[in-house]
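Colleague: just coords:
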C-alpha cells in the first residue's frame, strides 16, 4: 500500500527529505539540547493546521514549562500532553503536582498525568490507550528517549521499549518525532535506533552555525544523504541554506544588496529596520536563503522601492517623471550626521546610467572626506550657497552656478564657510 506523504511544516526540509510519510518514526539527534525544539514546533503547527490529533509525551519538562514553551499551540484541542514528568523525574514534588490542583474543567489544555512513568509498560499503556480514543493519523512528539533512559536507569529498557513502539506506531499510521540527546547514548544504542527508524536526522552546531544532516530516509531518495546543510532559525521560520538558489532566477539577493549599498545602508541598519538579524540579511543577499513575503515587503518599504523592482523585466517601459515625493533620504555612514543631508532624487530601483542626488552641507561645517565612496565619474553643480573643496592638493572655492567634475579622485574634505546651507545637485555616472 502506498503511504500518504505529508508536510513537516518546513518547506526546505520537505524538499530535502522528499517529504514525511504516514508511518514514519523520525529520530532527531540533538547536539545542543535545544536544536530539535523549533522543528517540533513547526511539525505541531502544521499538524494543527491539518486538524490532526497530536500527543506530546514529555519526560523532560513539567506541564507548566511545556505549556509556556508551546504558547498558543497548547490551547488547541487537537493537542494532548501526556505527562510522564510529574511522577517521574519530577519525583511527585509539590511544586509540580500543584499544577493539577486547579479545576481541570477550567483548563484550556488537554493534560493527562501518567501515574507510574518509571514503568515502561505503564507508559506504553498510556500511549496506546490514548491513541484508541483518537481518529485519523495521529502525530506524536516524544521528548525524549534520553529522558526515558534517565528515569528507567539504563539502555536495555530503552531498547526494549523502542523496538516494540516503533513498529506498532508504524502500523497504527502515525508520525512520531523522537528526540535524542546525541552525546548521552552509546553508539550501539544509536545504531539500533537508526536501524528501526524510518528517518534519522542529526542536528549540530558547526563554527557557530546550526546544521542539519539526514542520516537515513527509508523508501525515498533524499536530495543529499549524510551531507550537512546549514540552516537559520529566524522568528517562526526555519530556512535551509541553498533553498533560494533554486527559487531566485532573478538574482534577488544581488538586487537587494545593490539597492541597499546605493543608499549607504549597512546590513545591520536594514536588519534593525525589518526586525531580523544582520546574518539573515547577509544570507538573503548571498542567495543562500529566500526571504518570506512579509520580510521582502519590509525590505522594499525601508529601501523605498517597489517589491516588483526586485524582479523587474528590463524590457518594460521606464518611468520618465519623478515627483518631489519620490526622493529618498539616504545615510552617509562616514559623515557627521549634524553636518550633511543627502537625498536620492532618482528612484533607487531605476535602471539608468546615472544617479541624481541633492546634497546639503550645513553652515560652518567641515566634512572629513568625500561624501561618496565611489570610484566612478561624478559631477556636481552648486545650486545655492558657497563651498570649498580640497582636491589634488588644491583648494577650490565654489558658489551658486559653479560645476565640479571628478573622474577618479576623491576630495580630501569639504568646508561650508558661509552662514547658509550649501546645496549641490550631484550626479554619479555608472
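Modeller: Nice, thanks for sending it over. What you see is a predicted model, and the numbers here were worked out from it, not measured in a lab.

Colleague: what helix or strand does the residue nearest to residue 172 when sequence neighbours are not counted sit in?
Modeller: Distances taken as C-beta to C-beta, 6 or more residues apart in numbering place residue 131 nearest to residue 172, at 6.4 Å, with adjacent residues excluded. Heads up, the C-betas are built off the backbone N, CA and C, glycines and all. Following DSSP states H and E, one finds residue 131 within helix 120-132.

Colleague: again with residue 188
Modeller: Using DSSP H and E, residue 188 falls in helix 187-196.

Colleague: what's that helix packed up against?
Modeller: strand 25-30, helix 155-171, strand 175-181 (3 or more C-beta pairs under 8 Å, 6 or more residues apart in numbering; DSSP states H and E).

Colleague: quick one: residues contacting the residue nearest to residue 172.
Modeller: 55, 138, 172, 174 (C-beta atoms under 8 Å, 6 or more residues apart in numbering).

Colleague: if you set the cut-off to 10 Å instead, what comes out?
Modeller: With contact set as C-beta atoms under 10 Å, 6 or more residues apart in numbering, residue 131 has these partners: 53, 55, 80, 138, 140, 168-169, 172, 174.

Colleague: thought residue 301 was touching residue 275?
Modeller: No - using C-beta atoms under 10 Å, residue 301 makes no contact with residue 275, being 12.0 Å away.

Colleague: after the helix holding residue 188, which helix or strand is next?
Modeller: Heading C-terminal from helix 187-196 (DSSP H and E), you reach strand 199-206.

Colleague: any idea how far that following strand is from the chain center?
Modeller: 18 Å (C-alpha atoms, centre = their mean, to the nearest Å).

Colleague: packing partners of it?
Modeller: Identification of packing neighbours for strand 199-206 by 3 or more C-beta pairs under 10 Å, 6 or more residues apart in numbering; DSSP states H and E yields helix 11-17, strand 25-30, helix 36-49, strand 175-181, helix 187-196, strand 209-217.

Colleague: which of these sits closest to residue 119?
Modeller: Taking C-beta to C-beta, strand 175-181 is the member of the helices and strands packed on strand 199-206 nearest to residue 119, at 19.5 Å.

Colleague: give me the below-cutoff pLDDT ranges for the chain.
Modeller: 1-2, 102-106, 222-224, 242-250, 312-319, 349, 375 (pLDDT under 70).

Colleague: bridge partners for residue 6, pull those for me.
Modeller: For residue 6, the beta-bridge partners under DSSP bridges are residue 20.

Colleague: tell me who's in contact with it.
Modeller: 14, 19-22, 24, 43, 46-47, 50, 52, 137, 139, 175.

Colleague: hmm, residue 425 is touching residue 359, no?
Modeller: Yes - under the criterion of C-beta under 10 Å, residue 425 makes contact with residue 359 at 8.0 Å.

Colleague: which neighbours do the two have in common?
Modeller: 380, 382-383.

Colleague: scan these and report the most crowded one.
Modeller: Counting neighbours by other C-beta atoms under 10 Å, residue 380 leads the shared contacts of residue 425 and residue 359 with 21 neighbours.

Colleague: one step back: just the buried residues of the contacts of residue 6.
Modeller: Taking 16 or more other C-beta atoms under 10 Å as the criterion, what is buried in those is 14, 19-22, 24, 43, 46-47, 52, 137, 139, 175.

Colleague: about what we covered before: residue 425 and residue 359 - which one has more neighbours?
Modeller: More neighbours surround residue 359 than the other of residue 425 and residue 359, with 22 against 15 (other C-beta under 10 Å).

Colleague: tell me the bridge partners for the spatially closest residue to the more buried one that is not a sequence neighbour.
Modeller: Distances taken as C-beta to C-beta, 6+ apart put residue 424 closest to residue 359, at 4.3 Å, once the chain neighbours are dropped. Under DSSP bridges, the beta-bridge partners of residue 424 are residue 359, residue 382.

Colleague: what sits against residue 424?
Modeller: Taking C-beta under 10 Å, 6+ apart as the test, what residue 424 contacts is 342, 357-361, 371, 380-385, 387, 398, 402-404, 414.

Colleague: do the same with residue 228
Modeller: Residue 228 touches 202, 204, 206, 209, 211-214, 241, counting by C-beta under 10 Å, 6+ apart.

Colleague: in three-state terms, label the residue nearest to residue 209 when sequence neighbours are not counted for me.
Modeller: Nearest in space to residue 209, with sequence neighbours left out and distances taken as C-beta to C-beta, 6+ apart, is residue 230 at 4.9 Å. At residue 230 the chain is in strand, as set by DSSP: H, G, I helix; E, B strand; the rest coil.

Colleague: what's near enough to touch residue 230?
Modeller: 206-207, 209-212, 239-242, 283, 288-289.

Colleague: can you check residue 179 too?
Modeller: Residue 179 sits in contact with 26-30, 33, 35-37, 39-40, 59-60, 141-147, 203, where contact means C-beta under 10 Å, 6+ apart.

Colleague: partners of it in the sheet?
Modeller: So, taking DSSP bridges as the rule, residue 179 has residue 28 as bridge partners.
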